[in-house]
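Visitor: Generate coordinates for the sequence data below:
(2 chains)
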Amino acid sequence: MIPALSVKEALASSAPRDDVRVQGWVRTRRDSKAFSFIELNDGSSLRSLQVIAQDSLPNYLDVQRLVTGASVEVRGKLVPSQGKGQTWEVIADELTIVGPSDDSYPLQKKGHTPEFLREIAHLRPRSNLFGSVFRVRSRLAFAVHQFFQERGFVYVHTPIITGSDCEGAGELFRITTIDAKNPPRTGDGEIDYARDFFARSTFLTVSGQLEAEAFACALSKVYTFGPTFRAENSNTSRHANEFWMIEPEMAFCDLNGNMDVAEELVKYLIRDVRVNCPEEIELFGKFVDKGLIARLDFVLDRPFQRISYTEAVELLRANGQSFEFPVEYGTNLQSEHERWLTEKHFKCPVTVFNYPKEIKPFYMRLNDDGKTVTAMDVLVPGIGEIVGGSQREERLDGLEANMRRHGLDPADYKWYLDLRRYGTVPHAGFGLGFERMLMFVTGVPNIRDVIPFARTPGSAEF
RNA sequence: UCCUGAGUAGCUCAGUGGUAGAGCGAUCGGCUGUUAACCGAUUGGUCGUAGGUUCGAAUCCUACCUCAGGAGCCA
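Guide: Okay, the predicted model is just below:
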């Protein structure tokens, strides 16, 4: 049997072919006098392949009953199309109905709302929009690895199950094999996790950063790319409880180097998708966000705006713009403030750095002013924070002091402190939200629509 | 978790106290190298759930559920 051709390969053909085999799902079918047009899609490309099924086929009556959603295999000739709209089509010599469908198939030829498609998450990749989103997702993940591998970074698989329960990166999902109906108890009646599976409390990771630091202090430049779990009851278009995060960590690197890599990475990813997913980006520009392509190109063309937290606060206050929440030094910037900076004032991605130490986690390096730490956030229009990172505190005394100030016991972080005890080096890293990056390059406004099967509060059906 | 809004046919929606509607889809027929085809007919409903007000509720009230937008948390 001849090998099957993907729809993408068939459409890219440079010459007619006498004998081809294609497989896929029927997007739509139209009857003509003596034959039937079938649009065949196999997800290899946004476009479908037109198949001509003539009434001379022995199973033509069955072919005429084919409805959207059915799967078929076609053997025939790839020929130049007589009609407009496509260069190639397949004249079927043999059409096998692999799996029929029926009128209860929920996807129609017409457009559906993303909210409806979310309810049929198992079928939505068969739509143009979601097929495109997930092809881009695959390409974007590849580009992430390409970026780091080209630059000599080592990919590290940090653990999914972790015992670090106080990183300050949000609520955690507990991992346990304890019988909820009959848990072991300590003397004072509390659940005794020392008798749990790992002989201690364990959780799904909220960040691979601490482990990545250990590897950076050995392999110099590393990155992680994997799932992350936060048990936050967040109900927004840009939060999910399971998401993927990219976390580079670099030894002998300071805040400026960190900001350079973050900016380079974001631009690299945009450029890669622009070049390698042109049809998908065009679709998003047409049906999802009319300003998408102009915005992506604009971001590629100019440097990100860099501004210290202090300068940002001054700028926001000086502007006289009335905000719902007041701008005050020492508090986190509100979403409306970030939006104003990226969308109204600079109209491009903005990297804000050197935040007050009170509002940032213990591991960030204290600046010489004694008031700020080397934090940096990359904010992008429409989404807000897409990158969060810092130069890490590499001085043992300083790190221990930070821990105490945050109410943490240094004894719980012995291995992490060892990194400062033995051959400490300045190092820095950041986290890039993979889905947020995907939202940015596709223009898709809801994180639930860039994850195959999204996990959000009250929702884990699929 | 808080604030706001919305749940009516498979989908998108109209219907503000008096017989449940349209477009699309689907089905059947016609026409046609068609391509979000076209023409005609047919099909289609616990009006989110449970209470309440009223002679009468899709419509007014209460609670709950679900979804969306915004806020907080952050990636």
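Visitor: Could I get the contacting residues of residue A:325?
Guide: Residues counted as contacts of residue A:325 (C-beta atoms under 8 Å, 6 or more residues apart in numbering) are A:334, A:336-337. Yep, even glycine has a C-beta here, placed from its N, CA and C like the rest.
Visitor: what about 7 Å?
Guide: Residue A:325 makes contacts with A:334, A:336, as judged by C-beta atoms under 7 Å, 6 or more residues apart in numbering.
Visitor: backbone phi and psi for it, please?
Guide: Main-chain dihedrals, residue A:325, degrees, to the nearest 10: phi -110, psi 140.
Visitor: any idea how far it is from residue A:271?
Guide: Per C-beta to C-beta, to the nearest Å, residue A:325 is found 36 Å from residue A:271.
Visitor: since we're on residue A:254, how many residues are nearby?
Guide: Residue A:254: 14 surrounding residues under other C-beta atoms under 10 Å.
Visitor: let me fix that: residue A:178
Guide: 15.
Visitor: Give me the spatial nearest neighbour of it, chain neighbours excluded.
Guide: residue A:196 (5.4 Å; C-beta to C-beta, 6 or more residues apart in numbering).
Visitor: And residue A:267, by the same measure?
Guide: residue A:300 is the one closest to residue A:267 (C-beta to C-beta, 6+ apart), at 5.7 Å.
Visitor: ok, the one you found to residue A:441 distance?
Guide: Relative to residue A:441, and taking C-beta to C-beta, residue A:300 is found at 11 Å.
Visitor: before we move on, the earlier item: quick check: which helices or strands does the host helix or strand of the residue nearest to residue A:267 pack against?
Guide: Element membership for residue A:300, per DSSP states H and E: helix A:292-301. Here helix A:292-301 touches helix A:255-276, helix A:278-287, going by 3 or more C-beta pairs under 7 Å, 6 or more residues apart in numbering; DSSP states H and E.
Visitor: Give me the contact list for the helix or strand following it.
Guide: Using DSSP H and E, the next helix or strand after helix A:292-301 towards the C-terminus is strand A:305-308. Contact with strand A:305-308 is made by A:259, A:346, A:348, A:350-354, as judged by C-beta under 7 Å, 6+ apart.
Visitor: What residues sit buried inside the helix or strand containing residue A:227?
Guide: Element membership for residue A:227, per DSSP H and E: strand A:221-229. Buried residues in strand A:221-229, counted by 16 or more other C-beta atoms under 10 Å: A:221-226, A:228-229.
Visitor: Now flag whichever of these is closest to RNA strand B.
Guide: residue A:228 (7.3 Å; C-beta to the nearest atom of the strand).
Visitor: Where does the closest residue to the closest one other than its chain neighbours sit, in terms of helix or strand?
Guide: Spatial nearest neighbour of residue A:228, excluding adjacent residues (C-beta to C-beta, 6+ apart): residue A:245 at 4.6 Å. Using DSSP H and E, residue A:245 sits in strand A:242-251.
Visitor: any idea how far that strand is from the chain center?
Guide: On the basis of C-alpha atoms, centre = their mean, to the nearest Å, strand A:242-251 sits 12 Å off its chain's mean C-alpha point.
Visitor: ok, the residue nearest to residue A:267 touching residue A:271?
Guide: Yes: with contact defined as C-beta atoms under 7 Å, residue A:300 counts as touching residue A:271 (6.0 Å).
Visitor: Same drill for those two, tell me which one is more crowded.
Guide: Of the pair residue A:300 and residue A:271, residue A:271 is the one with more neighbours under other C-beta under 10 Å, namely 16 against 13.
Visitor: so how far is RNA strand B from the more buried one?
Guide: Distance, residue A:271 to RNA strand B, using C-beta to the nearest atom of the strand, to the nearest Å: 20 Å.
Visitor: any idea how far residue A:140 is from that residue?
Guide: Relative to residue A:140, residue A:271 is positioned 12 Å away (C-beta to C-beta).
Visitor: Could you list the low-pLDDT ranges of chain A?
Guide: A:165-170, A:320 (pLDDT under 70).
Visitor: Residues of the stretch 201-350 of chain A that sit close to RNA strand B?
Guide: A:207, A:230, A:232-241, A:243, A:245, A:325, A:332, A:334-336, A:339 (C-beta under 7 Å from any atom of the strand).
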